[in-house]
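Novice: I'll drop the sequence and a predicted model, then ask my questions.
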Amino acid sequence: MPNAFNFAASPFDCLSPDEQRLVRDSVDIAYFPERATILDLGIAPTHLFVIIKGFVTQLDGDEVLTTYGPDDCFDGRGLMAGKVSSRFVAAEEVVAYQLARQAVSDLIASNATFGALLFSDLSNKLSALSQRKSQHELQSLTLSRVDEAFLRPANFVDAHTDILSVVKVFQAQRSSSVLVRDTDAQPPRLGIFSATALQRAILDGRPLDQLQVGELANFSLIEVRPSDQLGDAMALMLRRRVHRVVVVDGDQVVGILEALDLFSFLSNQSHLITVQIEEAKDLAGLSQAAARITRMIASLYRSGSRVNLIAKLVQQLNARLFERAWQLIAPADLVANSCLFVMGSEGRGEQLLKTDQDNGLILRDAYAPPPDLAAICSNFSGALTGFGYPQCPGHIMLSNPQWCKSASEFGQMTRQWLMLPNGDSLMNLAIFMDAHAVCGDARLLEEVQRGLMRIATDSDAMLSRFAAAIDAFGSSTGWWTRLLGGADAEQQLDLKKEGIFPLVHGVRSLTLAHRVAQTSTTARIAALVEGGKLDADMGADLTDSLHFFMGLKLKAGLAELDTGKTVTGTVNPARLSSLDRDLLKDTLGVVKRFKALLRHRFHLEAV
């Protein structure tokens, strides 16, 4: 066996040196002319094929299921089942390795990951991929600088300040410690008084307004520098048994590093972002928190966190961010008498990197909004733009009066979308179906949504027109060629158009037909499966495919951010790993099958 076998291609990239030696000792090279049948339906295969040159088409009758190119392998499932379930034909002249069945069996027995990647279903393939992604992120985070973590501002008091006044500082600054200046000492010294020391003050017995903080402050400060490593700061806290250290740069105090904030940074940073959002006094403070969200996403993804969990976390943080921004911009009575909501991927909890704003505002009936409501809404849209969320090209946001109405006006508008369906109204209906409340009285949105579902119709004509959008971007088959390195392999593949949108909108269409109330795609799938409206295997494949698309889109977007490019949501098939390419073929195949199911369910051939 020549040493040219590509062990960098999946699933062979997970083999040990001994397992690679077994492969080299167990393969031959085979040649097949164009149109030759390599494996026929029903035969018992004796080898696993790994393509060196050419392309092989897998057929079910006359329908093309998929195509394999260089470094792809087939038919692992048939090899293990003992019978081929499809026909494999050389689309052009093919040269391939033949790996003996016994060798494949030995590899599967010794390496579970190899077996999962070779012939398991989509779910097991993705699980195996997740297990291989760990990059020891915790180790790299502990090497981060102290000033990369969240530092709380230092609040100073004089040593003669009474304890009761210090407690008022705690409350006003939402702090649990103050730094104490003792100018009477020679030389002057600096100490710290924390909420823990407050217990000693209470037990002292003297009135708190007569007890000076300098008597109970700790003047043996534990200090670190901004350039120190977080791992060293963590070790120092553990060794000295303290919950906070003072960050100093020369003679200047930079801030306070608390243990909770440090450990949050080392885990997922979500806590410190939440604290920063809640303590923000202005939009500039919120902008800093918004920037941290993107860094947190990158950290979590590169540490192997599941993309659906990242998306849920991002949805929660974005909701807090938008809520705080609205509270800073809008008067309190407007906040109390309205419901701010988000839509699209943000509403479904499937947004990762920042995309277009999709939001609206429902006002309580009979409430008289401020005369400058339009300016307030415009300021909110501008603030989100400043946070890095681009304005919606279709103007589906607060600054557009169409998306800022009273509850009764919203109810009437949604009924018109249903009763008088056209292209724009069906698009608006689809967007609004994903609405999720983030601030104010959520019952205003819930009532409009319930009213929409009450009059949702099973009219085949309306549902067919609604579901027909799954083909809004055409039924392109060119991605097969791009995946396999054809002439247009350098073209970008739009994951949203080819995979995410038809999957999400197809599920949304079934949701409308069966009056499912959930807004996230995965929750909708689960409800449809539970109600017997969707096959359980198809539901599992759709969920896994959606998460894979989201992960691949995120991976490509982070790479674009790292190189200073605009996030496009596209991938270059020629630059995908063999494993990602294999999984992309599987998931796009799931979408293809799902679209066929939808065409039958909604009679789209008649639209």
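Specialist: Looks like it arrived, so ask away. Numbering: from 1, shown residues only.
Novice: Verify the stated contact: Val224 with Val247.
Specialist: Yes: Val224 lies in contact with Val247 (Cβ atoms under 8 Å); the separation is 5.8 Å. For every residue, glycine as well, the C-beta is placed using N, CA and C.
Novice: For the protein, identify the residue most remote from the centre.
Specialist: Gln186 (55.9 Å; Cα atoms, centre = their mean).
Novice: Checking it next. Helix, strand or coil?
Specialist: Three-state call for Gln186 (DSSP: H, G, I helix; E, B strand; the rest coil): coil.
Novice: thinking again about what came up before, now do the shared contacts for Val224 and Val247.
Specialist: In terms of Cβ atoms under 8 Å, 6 or more residues apart in numbering, Val224 and Val247 are both contacted by the residues 146, 257.
Novice: So for those two, which residue has more residues nearby?
Specialist: Of the pair Val224 and Val247, Val247 is the one with more neighbours under other Cβ atoms under 10 Å, namely 23 against 20.
Novice: That one pairs with what?
Specialist: Counting by DSSP bridges, Val247 forms beta bridges with Val224, Gly255.
Novice: So it versus Ile256, what's the distance?
Specialist: Distance, Val247 to Ile256, using Cβ to Cβ, to the nearest Å: 7 Å.
Novice: repeat for Glu560
Specialist: For Glu560, the distance to Ile256 equals 36 Å [Cβ to Cβ].
Novice: In terms of neighbours, single out the busier of the two.
Specialist: Using other Cβ under 10 Å as the criterion, Glu560 and Ile256 rank with Ile256 on top: 22 against 16.
Novice: Find the nearest non-adjacent residue to the more buried one, please.
Specialist: Nearest non-adjacent residue to Ile256, counting by Cβ to Cβ, 6 or more residues apart in numbering: Arg152, 4.5 Å away.
Novice: give me phi/psi at the one you found?
Specialist: The phi/psi pair for Arg152 (degrees, to the nearest 10) reads phi -80, psi 140.
Novice: which stretch of helix or strand covers Met98?
Specialist: To be clear, residue 98 is Gln; Met isn't right here. strand 94-100 (DSSP states H and E).
Novice: hmm, who's touching that strand?
Specialist: Outside strand 94-100, the residues that touch it by Cβ under 8 Å, 6+ apart are 5, 23, 26-32, 36, 38, 46-56.
Novice: quick one: buried residues of it?
Specialist: Within strand 94-100, the residues that qualify as buried are 94, 96-97, 99-100, counting by 16 or more other Cβ atoms under 10 Å.
Novice: Any stretches of the protein with poor pLDDT?
Specialist: Scanning the chain for pLDDT under 70 picks out 1-3, 119-143, 238, 264, 266-269, 303-304, 457-458, 474-490, 578, 607.
Novice: Which parts of the stretch 251-400 of the chain are strands?
Specialist: Taking DSSP state E, counting those that start in this stretch as the criterion, the stretch 251-400 of the chain carries its strands at 252-258, 338-342, 359-363.
Novice: Can you tell me which of those is nearest to His271?
Specialist: Judged by Cβ to Cβ, the one of the strands of the stretch 251-400 of the chain that comes nearest to His271 is strand 252-258, at 10.4 Å.
Novice: Return the distance of the closest one from the chain's centre.
Specialist: In this view, strand 252-258 has its centroid 32 Å away from the chain centroid, taken as Cα atoms, centre = their mean, to the nearest Å.
Novice: strands paired with the strand holding Gln98, and their directions?
Specialist: The pairing partners recorded for strand 94-100 under DSSP bridges are strand 27-32 (antiparallel), strand 47-53 (antiparallel).
Novice: out of those, which comes closest to Leu463?
Specialist: Taking Cβ to Cβ, strand 47-53 is the member of those nearest to Leu463, at 43.2 Å.
Novice: next one: stretch 286-296 to chain centre, how far?
Specialist: Chain-centre distance of stretch 286-296: 15 Å, with Cα atoms, centre = their mean.
Novice: for stretch 272-291, same thing?
Specialist: Relative to the mean C-alpha coordinate of its chain, stretch 272-291 is positioned 20 Å out (Cα atoms, centre = their mean).
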